[in-house]
Each structure stands twice: as C-alpha cells, then as structure tokens.
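In: Got a predicted structure plus its sequence, pasted below:
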Amino acid sequence: MKRFNTELFADAFSSCIFSALLTGIVLFLMYKIFQYSKQKIHFPGPKGTWYNGNLTELLADNAHEYWLKWNREHGQIFENYPKDEKVYTGFKYLSGDGLFAQLNQELWKKQRRALAPAFSHANVRHQHYIMQ
C-alpha cells in the first residue's frame, strides 16, 4: 500500500497559493492602472459594458457604422503621448530607428506625414481586398 506523500502535496499547495497570490496582485495593479488612466485622460467616447467595453459593436458585421456614428458624436481623437525613453529603446530593438521608436518629435512628424497618404481613406478602400 502506497503512503500519501505529504511533502509533495505541501509543495504543490504552496505553488498554487503563490500563483494565485501573484495573479491577484497583477490583476489588482492592472485594475488600478486602468482606473488611474481613465481618470487622468478623460477620452470622450461611447459607454461600454464593464467587462468587454464596446467589443460587441466592434465585432459586428456593420462595425464601420458604429465607427462613423461615434465619430459624428465624439469627433476625432488623437493625441501623441511621448513615453519614457526606456519604452522607445525597447522598440528600437524590434523596429530600428523608425516611426515606432522615434524620440525626435520633428523627425517623427516628418516620417508620419510621409506615411499618412498610404493610409488615407481612399487608399485603404482601394486595397481592402488585400487585407481580407
């Protein structure tokens, strides 16, 4: 008859407790960051549900109609929030010294202006079949 290995059980139990505690801390911190950013930024926009926001509308077949409606109601929203240099340094390893990792705001504006025509409404509509 095999004996129950209490030491193995204790190790597994403590690992589960540690994982649950760590997950709880991470979720709590994510919630606090979300709450802080929500209060700080004050973006106008449609109200969504607490658990999935506006995901239902965005996944609908007529999602473009929601986008147009929200644009008429709330206007266009864009803001460039410069990040800490460490964030840009991380992006440089992935994308080089391009648009995503540009610290020089004037150079970023030039690069953005050069790319903007490629993503105009007419160009995207003309080439949407490639993205399907």
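Out: Done, it's in.
In: Now E73: closest residue in space, sequence neighbours ignored.
Out: P46 (7.5 Å; CB to CB, 6 or more residues apart in numbering). For glycine as for every other residue, the C-beta is placed from the backbone atoms N, C-alpha and C.
In: Three-state assignment for the one you found, please.
Out: coil (DSSP: H, G, I helix; E, B strand; the rest coil).
In: For it, grab phi and psi.
Out: Backbone torsions for P46, taken as degrees, to the nearest 10, come to phi -70, psi 150.
In: now do G53
Out: phi 60, psi -120.
In: Give me the pLDDT for it.
Out: G53 is assigned 84 on the pLDDT scale.
In: Distance of it relative to Y36?
Out: Noted for G53: a distance of 17 Å to Y36, by CB to CB, to the nearest Å.
In: out of the two, which sits in the more crowded spot?
Out: G53 (13 against 10; other CB atoms under 10 Å).
In: Poorly predicted segments of this protein, please.
Out: 1-5, 8-9, 40, 42-43, 77-83, 131-132 (pLDDT under 70).
In: Tell me where the longest helix sits in it.
Out: helix 6-41 (DSSP state H).
In: which parts of it are buried?
Out: Residues of helix 6-41 include none that count as buried (16 or more other CB atoms under 10 Å).
In: what comes into contact with the helix or strand following that helix?
Out: Under the assignment DSSP states H and E, the closest C-terminal helix or strand after helix 6-41 is helix 55-58. Residues external to helix 55-58 that are found in contact with it (CB atoms under 8 Å, 6 or more residues apart in numbering): 46, 48-49, 63, 66.
In: Now the two most distant members of those.
Out: For those, the farthest-apart pair by CB to CB is T49 and A63; their separation is 16.4 Å.
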